[in-house]
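Trainee: Next one to model:
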Amino acid sequence: MKHVMKQSRLTYLTLLIVLIPLLSGCGVVTPVPTTMPAATVAPTTIAATTKEGDHRGIAPTPATQPVPPLYRDCVSGEISQTLVFDDLHQSHPGRPDTAFVTAGHRLYVIGDIDGGFRPRKNPYERTEAELACHPPAGDLGGVWAQPGKALDGYVYVLKVGDEVWPLLDATQFTQGLSHIEFIFQRDGLTAVRRDFVPDDVPALFTSLSVRNDGDAPVPLQVALYSFFDLQDAKLSRVGPRHNKGEHVKYTDGHIITSAFSTDNWAVILGGDYPPAHGQVITPAGGHPVGELAYETTL
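Mentor: Residues are numbered from 1 along each chain as shown. Got it, this is the predicted structure:
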C-alpha cells in the first residue's frame with residue numbers, strides 16, 4: 001500500500017508491492033487501504049482484463065523522458081555497513097556494490113547496499129574481466145517470488161527544482177532482523193529507505209522518509225520507479241510455457257502488471273492515497289517501467 005503522511009518537515013511514503021504467483025488458482029487479490037478490515041479483500045479478475053493485445057486503463061507511453069538508472073557504474077569508496085541483532089551492533093566498511101538479501105518464506109529481494117540493483121548471476125560463474133568494472137549480465141538480482149520474478153529493481157528519485165537525485169548513493173546501510181535500511185544525504189536533505197518482507201506473504205513493503213534540515217521550505221517531488229520483469233526461474237515456470245513479456249497499465253492510482261503466459265501471475269503497486277500522477281514508460285528495447293509520483297513541501 002502506498003501511504004503518504006505529512007508531519008512537521010517529514011514526509012513518509014510506504015509502498016506495498018504484491019506478487020501473486022497463484023499456482024493454486026485462487027485468484028488475484030486487489031490492494032486495499034490498511035484501514036479496511038482484512039475481510040474486505042476479495043478475488044478479482046485483473047488478469048482477465050489485461051490479456052495480450054488489450055491495454056485498458058492508461059497504456060504504456062514511449063520513453064519521452066529519461067528513466068533513472070537502477071545502479072551506478074564502476075563506483076569507488078566505501079559505505080558503512082551495520083548488523084543489528086537485538087543488543088548486538090557490528091559495523092564495518094563495505095564496497096557500494098556489495099549485495100544484500102532480505103527475505104521471507106515466499107518472496108526475497110537481492111540488491112546492493114548503496115540502494116541499487118545491479119544485474120547479477122551465480123558468483124562462482126564470474127570471470128576476472130567481469131569483476132574488473134561492470135557487473136556480469138544476469139538476472140539473479142531484483143524481487144523474486146519463486147518460481148517467478150516481479151521486478152529487476154526499484155528506485156526512489158527526489159526532484160527539487162531542476163535537480164534530480166536518484167537514491168543510489170547511500171552513505172550507510174543497516175541489516176536488521178526485520179528490515180533493512182539505507183540512509184542518503186545531500187544538500188540539507190536526509191532520506192531513509194526501509195524495506196521489509198513478511199514471513200509468509202509474497203509482498204514487499206518499502207518506505208521512504210525525507211527530512212529537510214535547512215531553514216527554508218523545499219518543494220519536493222518523490223517518484224518511485226519500478227522496473228518490471230515477469231520471468232520464470234530457469235528450471236521451472238509459472239504458466240504452461242515460459243513467459244516472454246508483461247502487460248502493464250496505470251489506472252486509478254495503481255500500476256497493474258500481468259504476464260503474457262498465464263492469467264495467474266500479477267504484480268500490483270498502489271495504496272491508500274492517489275499519487276499526483278502515474279504512468280508507464282516503455283524504454284526502447286526494454287521492459288516497462290512504472291512511475292508513481294507524489295508532491296509535497298518540506
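Trainee: CA only for contacts and neighbour counts going forward, please
Mentor: OK.
Trainee: which residues of this protein score low on pLDDT?
Mentor: Flagging of the chain using pLDDT under 70 yields the residue ranges 1-65, 122-138, 234-235, 271-272.
Trainee: need the longest strand for the protein.
Mentor: Longest strand in the chain by number of residues (criterion: DSSP state E): strand 148-160.
Trainee: Can you name every helix or strand that that one contacts?
Mentor: Applying 3 or more Cα pairs under 8 Å, 6 or more residues apart in numbering; DSSP states H and E, we find strand 148-160 packed against strand 142-145, strand 163-166, strand 219-228.
Trainee: okay, the ones you listed, which one's buried deepest?
Mentor: The highest mean neighbour count among the helices and strands packed on strand 148-160, using mean count of other Cα atoms under 10 Å, belongs to strand 142-145: a mean of 26.
Trainee: Mind listing the strands that one pairs with, and their directions?
Mentor: Within its sheet, strand 142-145 is paired with strand 108-112 (antiparallel), strand 148-160 (antiparallel), according to DSSP bridges.
Trainee: CA atoms only for that strand - export them in PDB, please.
Mentor: What follows is strand 142-145, C-alpha atoms only, in PDB (Å, rounded to 0.1, in the frame of the first residue of the first chain):
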ATOM      1  CA  GLY A 142      15.600  -8.000  -8.100                       C
ATOM      2  CA  VAL A 143      12.400  -9.100  -6.500                       C
ATOM      3  CA  TRP A 144      11.500 -12.800  -6.700                       C
ATOM      4  CA  ALA A 145       8.700 -15.000  -5.500                       C
END
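Trainee: what distance separates that strand from the centre of its chain?
Mentor: Distance, stretch centre to chain centre, for strand 142-145: 10 Å (Cα atoms, centre = their mean, to the nearest Å).
Trainee: Which stretches in the stretch 51-200 of the chain count as helices?
Mentor: Under the criterion DSSP state H, counting those that start in this stretch, the stretch 51-200 of the chain contains helices at 128-132.
Trainee: thinking residue 159 is in contact with residue 218, fair?
Mentor: No - in terms of Cα atoms under 8 Å, residue 159 does not count as a neighbour of residue 218; the distance is 10.2 Å.
Trainee: Tell me which of the helices and strands packed on strand 148-160 lies nearest to residue 68.
Mentor: Among these, the nearest to residue 68 by Cα to Cα is strand 163-166 (6.9 Å).
Trainee: contact partners of that closest one?
Mentor: Strand 163-166 is contacted by residues 68, 69, 155, 156, 157, 158, 159 when judged by Cα atoms under 8 Å, 6 or more residues apart in numbering.
Trainee: burial measure for the second one, as a count.
Mentor: Taking other Cα atoms under 10 Å as the neighbour definition, residue 69 ends up with a count of 16.
Trainee: what's the spacing between it and residue 263?
Mentor: Computed as Cα to Cα, to the nearest Å, the residue 69 to residue 263 distance reads 30 Å.
Trainee: do the same with the last one
Mentor: From residue 159 over to residue 263 the distance is 37 Å, taken as Cα to Cα.
Trainee: Can I get stretch 253-260 in CSV, CA atoms only?
Mentor: Output of stretch 253-260 as CSV, limited to C-alpha atoms (Å, rounded to 0.1, in the frame of the first residue of the first chain):
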residue,chain,number,x,y,z
GLY,A,253,-3.7,5.3,-8.7
HIS,A,254,-2.4,1.7,-9.2
ILE,A,255,0.1,0.1,-11.6
ILE,A,256,-1.1,-3.4,-12.6
THR,A,257,1.1,-5.9,-14.4
SER,A,258,0.2,-9.3,-15.7
ALA,A,259,2.2,-12.0,-17.6
PHE,A,260,1.6,-13.0,-21.2
